[in-house]
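Visitor: coords please:
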Amino acid sequence: KVVANVYKALESLHQKGAVLQLQQDQKRYAAVPWRQLLDHEQRKFSQTLSELATELESLPAPDAQEGVYQLKNPDQLLYDSRQLCRDAQGLLLADLQPAAVPLLAEELVAAASRGVEVRVKIYEPAELPGVHLTLRANGREVYGKTADVSFKLVADGNNFVIGLLSADLSRVIQAFKSRSALLNMSLFCGLTYELILTELKQSLAQNDLARSQQILADTAHLHPFSTENQVFNQFNQ
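Guide: Residues are numbered from 1 along each chain as shown. The predicted structure follows:
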């Protein structure tokens, strides 16, 4: 390498704290222990993020965007899905294949514990305290027909995330999120009737008319237009 470039690089590393220069020899340097260097860089990075967060908090809140956004990164998809659960105020509906349940279980339970009505369609038995679970009959046969992991989430009729991941959860096949009033109303209604129909099919198959009537009574408040619930109000606005 060109000698001048080597010294220029060493001077840059010296300023960044990555090397030390021997006091009596302008041409000799020693590397800083790597752990010390990484600790320094981590502290500097954390300080930069903290300062950035302070600046961003002073900005006005952005207007709600009704666009449909495609997600490509698994971490971003899960972050947005968990954030949707955290932001839910009244009604949170979901359809989760088994591999997706542990990814969102903590946020779903937390939402239920703070008073959000959380209803989830699952395909294998699961423990989610406070969450109304609808177990799909023959669920293993249903999700076993594909080699992927899918889930749907819609909160309050104003925020949805749907995702399709590879079986090992390392790749997003397709995923979307949106605050579109029209799309959220459509997805909310679809999930509502899917949850109700799943439970009705099981009760009617057992000739349990009383149970079927109870299901209809317990879910009557979910129908947006007939009850003009918060989902309807959100859509109407």
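Visitor: Now do the helices in this structure.
Guide: Here the chain has its helices, by DSSP state H, at 3-15, 34-57, 74-87, 101-113, 139-143, 181-205, 209-219, 224-227, 230-236.
Visitor: Just the buried positions in the worst-scoring helix or strand of the chain on mean pLDDT, please.
Guide: The weakest-scoring helix or strand in the chain, judged by mean pLDDT, DSSP states H and E, is helix 139-143 (a mean of 84). For helix 139-143, burial by neighbour count (16 or more other CB atoms under 10 Å) applies to Gly139, Tyr143. In short, each C-beta sits where N, CA and C put it, glycine included.
Visitor: List the contacts of that helix.
Guide: Gln97, Pro98, Ile122, Tyr123, Glu124, Arg136 (CB atoms under 8 Å, 6 or more residues apart in numbering).
Visitor: what separates the second one from Trp34, distance-wise?
Guide: Put plainly, it is Pro98. 42 Å (CB to CB, to the nearest Å).
Visitor: low-confidence ranges in the protein?
Guide: By pLDDT under 70, the weakly predicted segments of the chain are 25, 62-64.
Visitor: Nearest residue to the middle of the chain?
Guide: Most central in the chain under CA atoms, centre = their mean is Ser81, positioned 1.7 Å from the mean C-alpha point.
Visitor: on that earlier part again, which one's more surrounded, Pro98 and Trp34?
Guide: Pro98 (16 against 9; other CB atoms under 10 Å).
Visitor: contacting residues around the residue nearest to that one when sequence neighbours are not counted?
Guide: Taking CB to CB, 6 or more residues apart in numbering, and ignoring the residues beside it in sequence, Pro98 has Glu124 as its nearest neighbour in space, at 4.6 Å. Neighbouring residues of Glu124 by CB under 8 Å, 6+ apart: Pro98, Val101, Leu135, Gly139, Arg140.
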